[in-house]
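Enquirer: just coords:
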C-alpha cells in the first residue's frame, strides 16, 4: 500500500491538477524558434567556381555551340557563301570597323537615341498610367486606345513621322515615344489593378490620399507590373528605333545600327548585315543584364520571392 500511495503522489506532482492552466511555455518557445528558422535566410558568399559554372558557363557553351553549327553549315556549303558568311568573315568586319574607329560610333549613335527616347517615354507613360488606372472616365476613354497602340507595329509610325517632322532626331524620338509609351502605361495599369483593395483602404485610413497614396501605396504595390511594363517599353523603344533607322536615312542623322544594317543590304554584304544584327542583339542583352535584371531581382528579393546565396 505504501508503494501504491507513493506512486500516486508522484503522479499527482508530475501532472497539473484538474482545472489548472497547463504550462506550454516550452512548446511555444519551440514553435517560435521554428518560425524564426523559416524566416531566417542563410546568406553566404558563393564560391567563384560555382558562380562561373552556374552563370557563365551555360551562355558561353550556347554561344560556342551556335558558332560550331554555323561553321559546319559553311563547310557543308548548304547555301552559297554570299548568303551565309563564315564567322571569320563577320569577325573581319568587326576588326575593320574597330580599326576605322566607327564601331563604337555605330553603337553609341543608336544607344544614346534609344535611352533618351526611353526616358522621355517613361516621363510620359508613368503619369498617364496612373491617370488611366485611377480615373474611371479616363480609363474608359483612353484605355482601349492604349491597347490598340500597343498592338500597332512601330514601323507603321515611321512614314507619317518623316512627313510631319522631317529626317531628323525629332522624328526618331517621336517613333520611340509612340512605340514605348503605351507599353509603359499599360504595365502600370496592370500592376495597379493587382493591388489588394485592403491596402488602399488601409492607406486612406492612415491619411494617405492623393499624391501620398500614389507614392507610398500605389507605386510600391504596382512595382512588379510596372517593372514588366518598363522592360516591354524598352523592347518597343529599341525596335521602333531600329525600324526608323532602317527606313529613314540621312547624312544629318549619322549611322546607327539600323542604318548599318540597311547599308549592308544595299551593298549586298551579308557579313555587314550579320555584324549589325549581332550588335543590335548584343545591346539588347546588355541593357537587360545591366539595368532590368538587377532591378527585377531587387524587387523580388524585397518581397521575399527570391532567395540567393551571395
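Expert: That came through, no problem. Computed from a predicted model, the values in this text were never measured in an experiment.
Enquirer: which other helices and strands contact the helix or strand containing residue 111?
Expert: Per DSSP states H and E, residue 111 falls inside helix 103-134. Packing partners of helix 103-134 (3 or more Cβ pairs under 8 Å, 6 or more residues apart in numbering; DSSP states H and E): helix 87-100, helix 136-151, helix 169-193, helix 223-247, helix 257-266, helix 270-287. (Each C-beta comes from the backbone N, C-alpha and C, glycine too.)
Enquirer: got the angle between it and helix 257-266?
Expert: With axes from the mean of the first three to the mean of the last three Cα atoms, to 10 degrees as the basis, helix 103-134 and helix 257-266 are set at 120 degrees to each other.
Enquirer: how much does helix 103-134 deviate in direction from helix 223-247?
Expert: For helix 103-134 against helix 223-247, the angle by the same axes, to 10 degrees is 130 degrees.
Enquirer: buried residues, helix 103-134. List them.
Expert: Of the residues in helix 103-134, 103, 106-107, 109-111, 113-114, 117-118, 120-122, 125-126, 128-130, 132-133 count as buried by neighbour count, 16 or more other Cβ atoms under 10 Å.
Enquirer: distance from stretch 138-149 to the middle of the chain?
Expert: Remark: stretch 138-149 is offset 24 Å from the chain centroid, using Cα atoms, centre = their mean, to the nearest Å.
Enquirer: now stretch 247-258
Expert: Taking Cα atoms, centre = their mean, one finds stretch 247-258 lying 28 Å from the centre of the chain it belongs to.
Enquirer: residues contacting residue 193?
Expert: 133, 225 (Cβ atoms under 8 Å, 6 or more residues apart in numbering).
Enquirer: any idea how far it lies from residue 219?
Expert: Note on residue 193: its distance to residue 219, by Cβ to Cβ, to the nearest Å, is 14 Å.
Enquirer: by mean pLDDT, flag the weakest helix or strand of this protein.
Expert: helix 2-14 (a mean of 47; mean pLDDT, DSSP states H and E).
Enquirer: so where is the protein shaky, pLDDT-wise?
Expert: For the chain, applying pLDDT under 70 flags the ranges 1-49, 51-53, 207-210, 212-214, 216, 305-310.
Enquirer: how far away is the closest residue to residue 177 other than its chain neighbours from residue 131?
Expert: Once flanking residues are discounted, residue 177 sits nearest to residue 121: 5.3 Å by Cβ to Cβ, 6 or more residues apart in numbering. Distance, residue 121 to residue 131, using Cβ to Cβ: 16 Å.
Enquirer: what do you get for residue 68?
Expert: 52 Å.
Enquirer: what's the separation between residue 271 and residue 282?
Expert: Note on residue 271: its distance to residue 282, by Cβ to Cβ, is 16 Å.
Enquirer: same check, this time on residue 71
Expert: Counting by Cβ to Cβ, the gap from residue 71 to residue 282 is 20 Å.
Enquirer: and what of residue 238?
Expert: 12 Å.
Enquirer: between the two, point out the one with more neighbours.
Expert: Regarding residue 238 and residue 282, a neighbour count based on other Cβ atoms under 10 Å identifies residue 238 as having more, with 27 against 12.
Enquirer: which one is the more buried one nearest to, not counting chain neighbours?
Expert: Closest residue to residue 238 apart from its sequence neighbours, by Cβ to Cβ, 6+ apart: residue 114 at 5.4 Å.
Enquirer: and for residue 255?
Expert: Residue 255's closest residue in space is residue 106 (Cβ to Cβ, 6+ apart), at 6.1 Å.
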